[in-house]
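Student: sequence first, predicted coordinates after that:
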Amino acid sequence: VSEDAYQLVEAGPGTGKTGVACARVAYLVDEYDIEPAKILLVSFTRAAVKEIRDRIKAAATDTSRIDNVQIITLDALSWQINKGLNQSEHQDVLLSYENNIEKFLDALRDQEPFLLSYLSEIEHLIIDEAQDVVSRRADLVLEIIRNVSDHCGVTMLADSAQAIYGFTSDSNGVGDPSSQTVVERINGGELHGFAVEVLEEVYRTDDPG
C-alpha cells in the first residue's frame, strides 16, 4: 500500500493491530525511505509508547533511525503543541488534559501558522486504538487529518468490539458526533478517502505456539 494512502484497519480482538501499526512504520522507512522523524504515531496510552518503539525496531531492517519516529499519546502531543504555541516564560503546565485538547483544537481551527508548519512536515500519521477516541479527542484527530499535507498518508487502526466507551451506536446518542468514536464518524462520511481493511489473520506473533 502506498505511503500516502488513507487506510482504516478494523481488527478483531487479539489479531495484532498494534503489531500491524509497527510493521507499517517499518515498511514506510524500509520501502519508501520516509524519514522516521516525519512519521507521527499516536498511541492511546503512555505504557504502549516504549513497547511500540521496541516492536518497530524488531520489524525494521534499518534500525539506526527508528528512535526518531514520533510516538506519543494525544494528550502529550497536545501539551507539547500548546507549550510551543505559548511564548510566555510562565507557561501554565497545570492545564487539565481536556483544556489542552481544547487549546490544540482551537489553534487548528484558527489555522495557527506554527502548527500548520509542523503538520506540513508529517509524511505519515498513524492512529492506534482509534475505537477509544471519542468526543473532543475525536474532533481533534479529524481536524489534524484535515490539516496534514496532501502527500501525507493516514493509517488508523481500531477494534470496535473492544471500545472502552461501549457501543456508542447502540446508545440514545446515535447521530450525535459527541457520542461517536472517530471510527464511526469516518464511516459515517465525515471524512472521505479511507479504504477499509479488515484483518482476517492473526498478526500478533510469528510463533505458532
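Tutor: Perfect, I can see it now. In this text the structure is predicted, and so the values were computed from the model without any measurement. Residues are numbered from 1 along each chain as shown.

Student: centroid residue for this structure?
Tutor: What sits nearest the mean C-alpha location of the chain, by Cα atoms, centre = their mean, is Ile127, with 2.0 Å.

Student: and the lowest-mean-pLDDT helix or strand in the chain, what's buried?
Tutor: Here the helix or strand of the chain ranked lowest by mean pLDDT, DSSP states H and E is helix 46-59, holding a mean of 83. By neighbour count, and taking 16 or more other Cβ atoms under 10 Å as the criterion, the buried residues in helix 46-59 are Ala48, Val49, Ile52, Arg53, Arg55, Ile56, Lys57, Ala59. Every C-beta, even on glycine, is put in place using the N, C-alpha and C of the backbone.

Student: ok, back up a step: next one: phi and psi at the residue nearest to the centre of the chain?
Tutor: Comment: the main-chain dihedrals of Ile127 come out as phi -110, psi 110, following degrees, to the nearest 10.

Student: gap between it and Glu197?
Tutor: Relative to Glu197, Ile127 is positioned 14 Å away (Cβ to Cβ, to the nearest Å).

Student: out of everything not next to it in sequence, what's closest to the residue nearest to the centre of the chain?
Tutor: What sits nearest to Ile127 in space, not counting adjacent residues and going by Cβ to Cβ, 6 or more residues apart in numbering, is Met156, at 4.5 Å.

Student: same check, this time on Leu115
Tutor: Taking Cβ to Cβ, 6+ apart, and ignoring the residues beside it in sequence, Leu115 has Ala107 as its nearest neighbour in space, at 5.2 Å.

Student: that neighbour contacts Tyr118, doesn't it?
Tutor: No: the pair Ala107 and Tyr118 does not pass the contact test of Cβ atoms under 8 Å, sitting 10.5 Å apart.

Student: my guess is Pro102 meets Asp139, correct?
Tutor: To be clear, residue 102 is Glu; Pro isn't right here. No: in this structure, Glu102 is not within contact of Asp139 by Cβ under 8 Å, at 9.4 Å.
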